[in-house]
Every structure is written in structure tokens, then in C-alpha cells.
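[1] sequence below, structure please.
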Amino acid sequence: MEGRPLIMSDVPSTVPQTRQGFFEQAINAFLQKEREKKPKAPPGKFNKAPWLAAAARQAPHLTMATHLPKATHTDSKATPLVMASVTEGSRPEIGTHSLRTSDVMDAAGATALPVWNFLNTPVEGLEPLKPYWHYLRAGDADAIAALSPDASKALAYAQAFKSVVTGQGEGRIFRSDAMAKQLFWPVAPQEGQLDVCDDSHFILLQPLHSSLVAQAVDDAWQAMRFSAENVEARKARKEGKASDYKERFFPDEAIRVVGSREKPQNVSSLNSKRRARGVMLSCAPTDLGQRYDRHAINPKYHSTVIDRLMMREAVRQPLMQLVQHYTNNPQNNMDFRNKWDALVDAIGSAFLAEAATLRSSLKPGWSADKNCALNKEEELWLDPGRCQFDEGFKKNYDQGGWMDVIASRFSRALTDSLKTVFIRAERLDLASSMDSAVYNVLARTLLLEGTWPTPLRRKSVEDRAADRAMYEENRRQHQDDAATPSAKQGVTP
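    Residues are numbered from 1 along each chain as shown. Have a look, this model is predicted:
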């Protein structure tokens, strides 16, 4: 601001007395924000008259659209389109017509995006709140008059801006190209009656990218993923703590880069706002036979699975109830102790039930893989079927020392996860009692299972023979793989 005279257009106007004043206030507020963003800009660049004149000259390089071919391929020369209004519910598919607002638009043209930022400025003071371009498209006299005190210049500016928002610029040619990837599939009513001139004989497999739908999905994704409740639930899960909130997520989501991360504005204004992020939700058919489990475990790739089993919903639910019970009932009486013991027992039982589910989903002998990273005690716990055909493994299993180790590890992990609560309340006696109680529950149940493993009780003689044959085949394969390198080293070229 220093070094040039202050003029009225530099300062946002006070509360306007006329309807035209609201539009002038919106223009001045926008220019003031632009001036603050670029303090080193030449003096006078963001004065109202010269800036609007330059913006009107740049307007032909800007295209307002709902569907952008450059989002499919950045080299596409196809024409961006504004979708005609479609009555909600008139089509079964989800698309731009599903959005409940018609005041959200995107714009393409990197060199003229500041012009779009101006046209997209909301006009505060008028109800309902709408962007400036909405009034220009409708030919609002006050919106036009606010552009310049000279009526002829104001009309010329308005016509230049209106050509952007209506998509009716001079010499505009609508075209497509191969890079838009418009894929049509013939669906003739009867074989041999395909008419290439009849649109009803084709369906569009690859529609144009709808930037508005992408923005709506991104807004919902951001609101859900980074809400205060979800952040707290996610943090509690990672730290192995209880939370009052349930973590929400989209299963099997993916993020693709639309355009480039370096210059997302080359695709569109909204793509720049999204930082070239394109959220893709899974469209795979639902497996009704198996509930989706975000914390699915393959024990071969972990040194321990105890912490992961603790993250299961069935274990976390009684754990959260335990925390709530203690928080709501700080006194130490008989009712408190009875409820406490019941919840501790429920936690141990839920943990063992989740382990049994995991064990039943694995093939006998899976832990014999030379690349298995799981510790020996948990291998014995989760792969009892291997005892049928591995004498060394069976010997270690029958010794039973692994039961004490598993019970001790889980009770210690559970106590550690709640230690902060106990320390804060100065109730370390609860930590000690819970540690021993959980240990007793697990040790007692593991002893019963270890005496006669559940998987073996339920298998017929034929099933056991099949398991042994599969194990022997896998072992021979591993032996062949191990012998191959040494055999090659002994060959003289």
C-alpha cells in the first residue's frame, strides 16, 4: 500500500445502503484479499477498474463446466461441458443430477483461474447466498451496474463474463477426441439390427469425468475421515486404547492423481482445491458370506498377533465397557468388584473366541513355512493341526509351556493398554487384580484346548489324511526350493 495513493476501490465499502452496494462490496472484498495474497504486486494492479478490464479480456480463455475431459487425460482437446438440468430421481444412476445444488460449478483454463475466483465470489447480504456469476447469468441489473460507473463498460464486462457462465462464447466449437475415452457398447434390441445412428442402441461405459460429483465425494470423504470423532477413534485404535467413538472408513478405497500434483490447476479450479486428489470407492460386489474385516490377519507376516486380536471389535467392546464402568463407579464395593470381574472374564473369552476364528481360517501346517515370522509359542497356539504330521512340533505342543506364555502376554498387553487410566486414578490395585484375573481365564481355557485341540476333535480320519498329504507336498516343495541354488552352484559352465 505504501508508495501509491489510496483510492476508494482499495477499501472494502461499509455496509451498503442499496442492493447494488452489496455487489460493489463483494468486488472490493475480493480485490482486497487478492492484494493481501500478493503484497509485492505492482501498484494499482488490484484496483477495481484496471483489474476488471483485464479480467474481461481473459474471460474467453476460461470455460465453466460440470464435466471436464482433461480429468480423463490432460492432453485431451475435447470441449468441457455444462450438464443440462435433470430432474432429481429421473435417472437411476448416481451423477451430477443427484446433487441438490445448482450453484456449484467448476472452471477450466489455468491462465484465467483468478477470473473464475472472482466470478465465484459469494455476494454477502443477499439471501440466499449465491456466487456473483449466478446474478450475471440471470442478467441482474444491479450486478452489472456494480462492475463500473460507466454503463457501456459495465455492460461489456458483463457480456464477457456471461459468455463464460453460459458457455456461449463466440466461435465455440463442441468436439471430442480419443483421449476423452468415451467408450460406447452396442446393445441392439435384436441381433443384426444395430443402427449406428440410433443412440438408444449404445450404452456409455466410460462417461465424462464429473468434477462436481468428485468434489461432493471428496467433501464427504474429508468430513468423515478427519472429523474430531474419527481422529480420536483412529488414535485410540493405534495406541490400543478404548474410545467412545467407533472408527468409520470406506473399505478398499483408493486415491488417484488427477492431472498432476505439481499443477492441479491445469485440469480445473476444483481439482486445484482438491490438490489433484481423486477419491475412488470400491465397487466390488459384497461378499455376503464373510463380513469385511479391516483388521484381517495373516499371522505368517507378524512376530505376534496378540495386539492385532485386541483390536477386534468383539474384544474392544467389553474393554470399553470396563473403562466406562470404572469411570462411572469409582467406589470400591462388592457390586463394583463383581461387575469388574465379569467384564474381565468377558474380555478374555472374546479374545480366545477371536483367536479360534482366526485358527479355523488357516490351513493345518501353515506355520511350517520357512518365511513365517510368528513367534514359536503363538505358532503352537494357532496351528495345532500341524501336530498330526510334525513330531517335533507335537512334542513342543504337548509340553504345554506355550499356554503360560500366551496367557501372560495377553494379560500384560491388556494391563499396559489401561495403565494410564489406573495411574491417573491412583488405582494400581485394579491393574494387578485384572492382570491375574485375565491370566487365570486364558490359562484355564488354553489348558482345556491344549489337552485335546478343538480342530482335531472335529476332523474325520479322511480329513486328517488330506491335511497330512498337503503338508508333505508343501514340505517337499520347500526342500526343492532350498536345494535349487546349491545345485546350480555345483554346475561347471
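[2] okay, CA-based contacts and neighbour counts for the rest of this
    OK.
[3] phi, psi of residue 24?
    phi -60, psi -40 (degrees, to the nearest 10).
[4] would you agree it is in contact with residue 144?
    No - with contact defined as CA atoms under 8 Å, residue 24 does not reach residue 144; the gap is 10.1 Å.
[5] shaky segments in the stretch 351-493 of the chain?
    419-493 (pLDDT under 70).
[6] what do you get for the stretch 51-200 of the chain?
    Within the stretch 51-200 of the chain, the segments meeting pLDDT under 70 span 84-92, 98-105, 107-111, 166-173.
[7] in it, which spans are strands?
    63-65, 106-108, 184-186 (DSSP state E, counting those that start in this stretch).
[8] format those as TSV; extra columns: mean neighbour count and distance to residue 137.
    Below are those laid out as TSV (neighbours: other CA atoms under 10 Å; distance: least, CA to CA, whole Å):
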stretch	mean neighbour count	distance to residue 137
strand 63-65	24	12
strand 106-108	25	15
strand 184-186	13	34
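[9] for residue 254, find the nearest of those strands.
    strand 106-108 (23.1 Å; CA to CA).
[10] on that earlier part again, quick one, which of the strands of the stretch 51-200 of the chain is nearest to residue 156?
    Across the strands of the stretch 51-200 of the chain, residue 156 has its closest neighbour in strand 63-65 (18.0 Å, CA to CA).
[11] just checking: what are the partner strands of the closest one?
    strand 106-108 (antiparallel) (DSSP bridges).
[12] in CSV, list the strands of the stretch 51-200 of the chain along with distance to residue 153.
    As requested, these are exported to CSV (distance: least, CA to CA, whole Å):
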stretch, distance to residue 153
strand 63-65, 22
strand 106-108, 24
strand 184-186, 47
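[13] nearest to residue 232, out of those strands?
    Of the strands of the stretch 51-200 of the chain, nearest to residue 232 by CA to CA is strand 106-108, at 33.8 Å.
[14] test my guess that residue 303 contacts residue 371.
    No - the pair residue 303 / residue 371 is not scored as a contact, 11.3 Å apart, by CA under 8 Å.
[15] more neighbours, these two?
    residue 303 (13 against 9; other CA atoms under 10 Å).
[16] any idea which helix or strand carries the more buried one?
    Using DSSP states H and E, residue 303 sits in no helix or strand.
[17] identify the spatial nearest neighbour of it, chain neighbours not counted.
    residue 374 (4.2 Å; CA to CA, 6 or more residues apart in numbering).
[18] list the contacts of that neighbour.
    299, 300, 301, 302, 303, 304, 367 (CA atoms under 8 Å, 6 or more residues apart in numbering).
[19] let's go with 10 Å and repeat that
    298, 299, 300, 301, 302, 303, 304, 305, 367 (CA atoms under 10 Å, 6 or more residues apart in numbering).
[20] report the buried members of the residues you listed.
    Applying 16 or more other CA atoms under 10 Å to the contacts of residue 374, the neighbour count classes 299, 300, 304, 305, 367 as buried.
[21] wait, what's in contact with the residue nearest to the last one when sequence neighbours are not counted?
    Same thing as residue 367. Once flanking residues are discounted, residue 367 sits nearest to residue 379: 6.1 Å by CA to CA, 6+ apart. Residue 379 is in contact with 299-300, 304, 365-368, 372-373, 386, 393, 397, 402, counting by CA under 10 Å, 6+ apart.
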